[in-house]
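Asker: Structural data only, the sequence is not supplied:
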């Protein structure tokens, strides 16, 4: 991230809290895809059918043809392979039917029945239920559970009224000659929905049991198999982002009635989202959201285990995780040992490439994104305007064909393409420049909202300017000049008042991107008549010029309060302080801020940030004096930040800690003595300061816990 991008983010944060500046976001009329919070945005293989044969275990991917397995495990050699899509093997369809109203088996039918019972207020008094017609035994059974009062109370506390939920959403069915198991779809966490669990029906008699526990209630039974004395149950969840317990792989011991859930932290399974399970009585095969696995069952599957609460049943686990890779330009998923899987690291960049690039052309973008730390990429992906600096980071001519193939550009694609092409500058291919120019000149005829056009105009104009096209510069000059004239005369003939902030912000950023000297003069002329919505953009633009005249103008505007002093202090760098004319005004700004209204916490925060960034140890005594005058209404926060600033400047990791929210009088007096010493004007390095602050913060946290 460049210093200008860091400055822009810092100024946006400050402006939101100090001046109410208008922050631009992706407009509502230009939606762009995003995975829900907590859910994977990468389309992993969906193994929903497992076929076990004496020689091979086939794992069938529902994204492919149902007759073609995605992976297999050779039992004799313990080899894992990915199957070519042209290969064919037996992969029978599963019996799972999510939330179906009617399930028809070979000799049974299950139908969902809506309740017709209402109370005296015409509210539904009972929930939907299932009706089983067993043709083999000529039995009809109504699966309407008789819930105990204690369950009703506990369930209502967790999810709301039981009457608003139902036990009639089928997820899967398992049948033997005498037993029929019905797995339910759990969506109870939504406050009113279906309840997860299991019905066990004894077919000859029609007697049934409903198995419920807190783990199953909000889970969906994805698959189940019976082997010996155990029922093996796989569960998943409709909404991965729900922060509720999830059963995962569950073992039910029928004779004893014991339940055991396999915790991924204590078993080889990497996650709890079980998509399919299968067995032949010798092995249990499992497919999770991120892996496939095989484990051996004991030789005697009818003998009770010694300690049923422990995982002594499944042994010899073979677990393989999905590993995203490219074959030519096609995205595939290989299998690697779970410990070697890099899915967590690779998923954000692969998902981003799949989202942003045309199908079959994801590879160049995925390779370019490998240069971006995963943590940073996760932050960049939160909103579309961040894609412009991201594009600058990964700029490469090889990306241009991929980016041009995504036209017409959505908002995020436009930001990414503009960042890449603009960073290439004079090396940008001619067809890329032409694409930018067409997009820029077509904005006025676009059907999108005015706010969206201004947002796009700024990012396209910056890119055009960087590749040497003057079209955007001419538009920006005219916009800044006309706005200054109109405002001086009290009119807004050329700039729509409701969106002049967006227009002028775009114009300011465009002239700054080209370091246009004419534009700088116009920008300086516009600042005195700017309103709050434009101050962030103008301050960022002046700093982006990285020009002595621009920096001097920036600090002068801060001194005159045409720009908020906090913004100016956030923009300042140690290199600029080497100029005496700039340093003098900056120090005046700081001392004026310290004398300003003591309730201006945001301005005090900007002073403290500047003191650390610029290594201004000479401010130490003034900062200590400020601790004596902070009002209690907000002073705790500023006082704590002041102490951390002093620790950072002087490298005093052994400075006093304190028990309350605000520093004790003894701690303040200690710092008064420290800053009075003759060497107090000398700062430690920024690196040593950060290390000292980290160590002091740890001591402070430990002391607070003890108190």
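Answerer: Noted; the coordinates are in hand. Fair warning: this is a prediction, and the values are worked out from it, not measured in the lab.
Asker: Please name the bridge partners of residue 202.
Answerer: For residue 202, the beta-bridge partners are residue 179 (DSSP bridges).
Asker: ok, now which ones touch it?
Answerer: 178-179, 208 (C-beta atoms under 8 Å, 6 or more residues apart in numbering). Backbone N, C-alpha and C define where each C-beta goes, glycine included.
Asker: Please spell out the PyMOL selection for the buried subset of the residues you listed.
Answerer: Buried residues within those, by 16 or more other C-beta atoms under 10 Å, are selected in PyMOL with:
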select buried, resi 208
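Asker: From the contacts of residue 202, pick the one nearest residue 616.
Answerer: Proximity of these to residue 616 (C-beta to C-beta) peaks at residue 208, which lies at 76.3 Å.
Asker: how about the closest residue to the closest one other than its chain neighbours, what does it touch?
Answerer: Leaving aside its sequence neighbours, residue 208 sits nearest to residue 201 (C-beta to C-beta, 6 or more residues apart in numbering; 4.5 Å). Contacts of residue 201 were listed using C-beta under 8 Å, 6+ apart, and they are 132, 134, 141, 143, 179-182, 207-208.
Asker: One more pass at 7 Å, please.
Answerer: 132, 141, 179-180, 208 (C-beta atoms under 7 Å, 6 or more residues apart in numbering).
Asker: ok, residue 346 touching residue 326?
Answerer: No. Assessed by C-beta atoms under 7 Å, residue 346 is found out of contact with residue 326, at 11.0 Å.
Asker: neighbour-wise, which of these two wins?
Answerer: residue 346 (19 against 15; other C-beta atoms under 10 Å).
Asker: what does the one helix or strand residue 391 maps to rub up against?
Answerer: Residue 391 is located in helix 387-393, with elements delineated by DSSP states H and E. With C-beta under 7 Å, 6+ apart as the test, helix 387-393 has contacts from 1, 5, 372, 380, 412, 415-420, 423, 459.
Asker: If we use 6 Å, what do you get?
Answerer: 1, 5, 372, 380, 412, 415-416, 418-420, 423, 459 (C-beta atoms under 6 Å, 6 or more residues apart in numbering).
Asker: Mind checking which of the residues you listed are in helices?
Answerer: Per DSSP state H, helices hold the following members of the contacts of helix 387-393: 5, 380, 412, 415-416, 418-420, 423, 459.
Asker: quick one: which of those is nearest residue 592?
Answerer: residue 5 (28.8 Å).
Asker: can you map out the helices along the stretch 451-600 of the chain?
Answerer: 471-488, 500-513, 517-526, 532-545, 548-559, 565-571, 580-595 (DSSP state H, counting those that start in this stretch).
Asker: between the fifth one and helix 500-513, how big is the angle?
Answerer: Yep, that's helix 548-559 we're talking about. For helix 548-559 against helix 500-513, the angle by axes from the mean of the first three to the mean of the last three C-alpha atoms, to 10 degrees is 150 degrees.
Asker: and helix 548-559, what does it pack onto?
Answerer: helix 565-571, helix 580-595 (3 or more C-beta pairs under 6 Å, 6 or more residues apart in numbering; DSSP states H and E).
Asker: Centre of the chain to that helix, how far?
Answerer: Relative to its chain's centre, helix 548-559 lies at 38 Å (C-alpha atoms, centre = their mean, to the nearest Å).
Asker: Give me the buried positions along stretch 275-289.
Answerer: So, applying 16+ other C-beta under 10 Å, buried residues of stretch 275-289: 275-279, 283-289.
Asker: Could you single out the nearest of these to residue 661?
Answerer: Looking across these and measuring by C-beta to C-beta, the closest to residue 661 is residue 289, at 43.6 Å.
Asker: quick one: residue 314 from residue 460, how far?
Answerer: 58 Å (C-beta to C-beta, to the nearest Å).
Asker: if you count what's nearby, which of those two comes out ahead?
Answerer: residue 460 (30 against 22).
Asker: Go ahead and confirm that one touches residue 438.
Answerer: No. Look at residue 460 against residue 438 with C-beta atoms under 6 Å: they stay out of range, at 9.8 Å.
Asker: Return the per-residue confidence for residue 333.
Answerer: pLDDT, residue 333: 87.
Asker: Quick check: bridge partners of it?
Answerer: Assigned bridge partners for residue 333, using DSSP bridges, are residue 324.
Asker: Would you check that it makes contact with residue 322?
Answerer: Yes. If you go by C-beta under 6 Å, residue 333 and residue 322 touch, sitting 4.4 Å apart.
Asker: More neighbours: those two, which one.
Answerer: Remark: of residue 333 and residue 322, residue 322 carries more neighbours, 28 against 22, as counted by other C-beta under 10 Å.
Asker: Looks to me like that one is in a strand.
Answerer: Yes. Assignment of residue 322 by DSSP: H, G, I helix; E, B strand; the rest coil places it within a strand.
Asker: Against residue 273, how distant is it?
Answerer: 12 Å.
Asker: remind me which residues of the stretch 551-700 of the chain are low pLDDT?
Answerer: Where the stretch 551-700 of the chain drops to pLDDT under 70, the residues are 597-599, 631-635.
Asker: Burial check on residue 303, number of neighbours?
Answerer: The burial count for residue 303: 10, using other C-beta under 10 Å.
Asker: Please tell me how far it sits from residue 262.
Answerer: If you go by C-beta to C-beta, the gap between residue 303 and residue 262 works out to 20 Å.
Asker: any idea which element the residue lying closest to residue 278 once chain neighbours are set aside lies in?
Answerer: In this structure, residue 278 finds its nearest non-sequential neighbour in residue 50, 3.7 Å apart by C-beta to C-beta, 6+ apart. Counting by DSSP H and E, the element that carries residue 50 is strand 47-52.
Asker: And the next helix or strand past that strand?
Answerer: strand 56-61.
Asker: Partner strands of that next one and their direction?
Answerer: strand 47-52 (antiparallel), strand 71-74 (antiparallel).
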